[in-house]
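> Based on what follows, work out the 3D shape:
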Amino acid sequence: MHCTSSYDAPALELDLEFRNLVQNGLTLTHFSPTIGYEADRELQDEQERSKRGLPQLRPSPPLDPDNLTARRNHKNSTDSDLVTMETIISTESDHVAIAPGTLLRSWNQQNRQYFHYRLDPPTPKAPMVLSARLRVARDQCNGITTEVWYHPDHKWNVPSMMHGLHSALNYGIQNFGPYQFSFARIVEFPRYENHIAAMAFPGTMPYSEAGGFITDIRSPGAFEKAFFIVAHEVAHQWWAYQVIGANMEGAKMLSETLAEYTAMMVLEREFGSEMVRRHLRVAHHNYLAGRALDTRNEHPLSRVRPDQSYLCYHKGSLVMYHLRQLIGEEKINAALRRLLKKFGGKGPPYATSTDLINEFKAETPAEHHAILDDLFNRIILFSNKITRSDIRQLPAGRQQITLEIECRKLESDEKGVEREVPFEQDIEIGAFAAVDDHRKYGAALYRQMHRLRSGRNTVVFETTEIPDTVAVDPFFMLIDRNIDDNVVSPTAEP
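Predicted coordinates:
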């Protein structure tokens, strides 16, 4: 098949319509012809569809591991399975052109620069071309050529991005399995599409200038945004380009939720649990805000729809960190290695969220299977509140903390109707020092699991110094509807 596409700009524009082409270059993604109908290009906003007399969107195929017809297609495309790609780009003489694949050669002809890329092994079809005046920082990691291509004026955060690139590659190779390419590159693009921070293509990850290149992270203790986003996109080289979700509900749990988990583990290894706690606080807020704004039914995480980013990213972060606390990082990674062995780099039938949950279940003790079901297959919220916190000084400088905690567990259906359900499970209790070093949270003085149940609970524990704050579920894993009453400053006994 041969095809040609072009764009003719109008003489006058009130707004920038074609945002892919700007003064310093071109960014094109998913531009190759597609055979068949692409439902993803339909108008997605249900209110806008109603205004125009359009029917409701057709739902994704429901989660059904036995539906081998639906599992013949992956979530990225219905017109191909895994493909190799070869790209030849002609561009301005002072531009660098980048596409997924190994650069075979470049040359100048008639005052234009040419670049020839070839991508192998086969991956889901994901064409992308970027051309601009860029500089490059280049390094090596585990025999992989690593690159960060950036606008000459945007060099500030390049070291942080390279750090994230290497840390994520090392974590993935050590814990999941081989990286499939000889290159890994980050490429800056202008942020005119405001909702896009970064994207992942095979071995090549376009990254918005505003998503990290020009973010000010100079302040001590600033959240490592550039590092984290790079780690997330690198993780997609395993969770999207090796394990590929089937075209049904739950597919984005296999890609975005696992990329969030990977990035959190990398972040914690490099910067400690306080940095992850900050990420989880934002994830908690965004999940609750997202479910409030969802005009369609909320689904459990295992059945996440393509439009439910608040589930696969934000609830996914909370769920995976909870699972990590429940069974441990090693058991999660053992489950992920088995999933990769079964589905990595293979064609249909593609993986489902049920396949992933079954691997987690194999690593989870039977007494925790009900919690596993809560995390992935149900919509569960908590309402925990510290009603009293006393501190009493003990000999040798130790402090005894007594907390009274009211606990409620709620289950919601997909329309938001809630009912209270009784529970008894281990919940983390923490005590923290005062904030210093420009951090958002103080150092942990105490973090332990305590058995709590519905109703009133009393918890007694000791610390070696007077805590500034004490908290129930300090890392937001239970998805409490009001986290403000989960944290208090203890009061000295008279």
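> How much space separates the most centrally placed residue in the chain from V304?
Among the residues of the chain, E260 comes closest to the average C-alpha position under CA atoms, centre = their mean, at 3.0 Å. Per CB to CB, to the nearest Å, E260 is found 12 Å from V304. C-beta coordinates here come from the backbone N, C-alpha and C atoms, glycine included.
> quick one: the strands in the stretch 1-150 of the chain?
21-22, 25-29, 82-92, 96-98, 102-109, 112-124, 128-132, 135-141, 144-150 (DSSP state E, counting those that start in this stretch).
> A283 in helix, strand or coil?
Here A283 is recorded as helix under DSSP: H, G, I helix; E, B strand; the rest coil.
> So what's the residue count around it?
Counted with other CB atoms under 10 Å, residues neighbouring A283 total 24.
> How about V83?
By the measure other CB under 10 Å, the count of residues near V83 is 14.
> Can you give me the pLDDT of it?
Note on V83: pLDDT of 89.
> and it, bridged to which residues?
T123 (DSSP bridges).
> I figured it hits A126, correct?
No. Counting by CB atoms under 8 Å, V83 stays clear of A126, with 9.0 Å between them.
> hmm, who's touching stretch 317-324?
Applying CB atoms under 8 Å, 6 or more residues apart in numbering, the contact partners of stretch 317-324 are 257-258, 260-261, 264-265, 276, 279-280, 283-284, 287, 301, 332, 360, 372, 375-376, 475-479.
> Tell me how far it lies from the chain's centre.
Distance of stretch 317-324 from its chain centroid, counting by CA atoms, centre = their mean, to the nearest Å, is 12 Å.
> Make 33 the starting number, not 1.
I'll keep to 33 as the first residue from here, and by that count the last item is stretch 349-356.
> low-scoring stretches of this structure, by residue?
Residues of the chain meeting the criterion pLDDT under 70: 48, 225-227, 525-526.
> the helices in it, which residues?
78-83, 190-207, 257-267, 283-284, 290-303, 305-325, 341, 348-359, 361-375, 385-395, 401-409 (DSSP state H).
> between the third one and helix 190-207, how big is the angle?
Just to be clear, that refers to helix 257-267. 40 degrees (axes from the mean of the first three to the mean of the last three CA atoms, to 10 degrees).
> Restrict helix 257-267 to CA atoms and write it as PDB.
The C-alpha coordinates for helix 257-267 follow below in PDB (Å, rounded to 0.1, in the frame of the first residue of the first chain):
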ATOM      1  CA  LYS A 257       8.900  14.900  38.700                       C
ATOM      2  CA  ALA A 258      11.300  14.500  35.700                       C
ATOM      3  CA  PHE A 259      12.900  11.400  37.200                       C
ATOM      4  CA  PHE A 260       9.500   9.800  37.900                       C
ATOM      5  CA  ILE A 261       7.900  10.400  34.600                       C
ATOM      6  CA  VAL A 262      10.900   9.000  32.700                       C
ATOM      7  CA  ALA A 263      10.800   5.900  34.900                       C
ATOM      8  CA  HIS A 264       7.100   5.500  34.100                       C
ATOM      9  CA  GLU A 265       7.700   5.700  30.400                       C
ATOM     10  CA  VAL A 266      10.700   3.300  30.500                       C
ATOM     11  CA  ALA A 267       8.500   0.800  32.300                       C
END
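> now for it, which elements pack on it?
Helix 257-267 is packed against helix 190-207, strand 215-221, strand 236-240, helix 290-303, with contacts defined by 3 or more CB pairs under 8 Å, 6 or more residues apart in numbering; DSSP states H and E.
> outside of that helix, which residues touch it?
Residues contacting helix 257-267 (CB under 8 Å, 6+ apart): 189, 192-193, 195-197, 199-201, 203-204, 216, 218, 229-232, 237, 239, 243-245, 247, 249, 290-295, 298-299, 302-303, 311.
> Return the residues in contact with L388.
Here L388 is in contact with M285, L286, L290, A367, L371 (criterion: CB under 8 Å, 6+ apart).
> Now the last one: closest residue in space that isn't a chain neighbour?
Counting by CB to CB, 6 or more residues apart in numbering, E391 is the residue found nearest to L371 once chain neighbours are left out, at 5.2 Å.
> can I assume that neighbour is in contact with I364?
No. If you go by CB under 8 Å, E391 and I364 don't touch, sitting 9.2 Å apart.
> who's in contact with T134?
Y149, R150, L151, D152, F213, S214, F215.
> same thing with G348?
Neighbours of G348 in contact, by CB under 8 Å, 6+ apart: M285, E288, T289, E292, Y293, L333.
> my read: the first one touches V336, true?
Think M285. Yes. The pair M285 / V336 is scored as a contact, 5.5 Å apart, by CB under 8 Å.
> shared neighbours, the two?
C344, S385.
> How is this protein partitioned into domains?
33-63+113-156+159-272, 278-409, 412-524 (automatic domain parsing).
> Nearest to P87 among the ones you listed would be which one?
Closest approach to P87 among these (CB to CB): domain 278-409, 13.6 Å.
> gap between the two ends of that closest one?
End-to-end distance for domain 278-409: 18 Å, by CA to CA, to the nearest Å.
> Distance from that domain to the middle of the chain?
9 Å.
> Also stretch 461-480?
25 Å.
> what about dumping the CA coordinates of it to CSV?
Provided in CSV are the C-alpha atoms of stretch 461-480 (Å, rounded to 0.1, in the frame of the first residue of the first chain):
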residue,chain,number,x,y,z
ILE,A,461,-0.1,3.0,62.1
GLY,A,462,2.7,5.5,61.8
ALA,A,463,4.5,8.2,63.9
PHE,A,464,6.6,10.9,62.3
ALA,A,465,9.1,13.5,63.4
ALA,A,466,8.7,17.2,62.5
VAL,A,467,9.4,18.2,58.9
ASP,A,468,12.9,19.3,58.1
ASP,A,469,15.2,19.5,55.0
HIS,A,470,12.4,21.0,53.0
ARG,A,471,10.5,17.8,53.0
LYS,A,472,6.7,17.5,53.0
TYR,A,473,6.7,14.7,55.6
GLY,A,474,8.9,14.1,58.6
ALA,A,475,11.1,11.0,59.1
ALA,A,476,9.3,7.9,60.3
LEU,A,477,9.7,7.1,64.0
TYR,A,478,7.3,4.1,63.9
ARG,A,479,5.6,2.2,61.1
GLN,A,480,3.8,-1.1,62.0
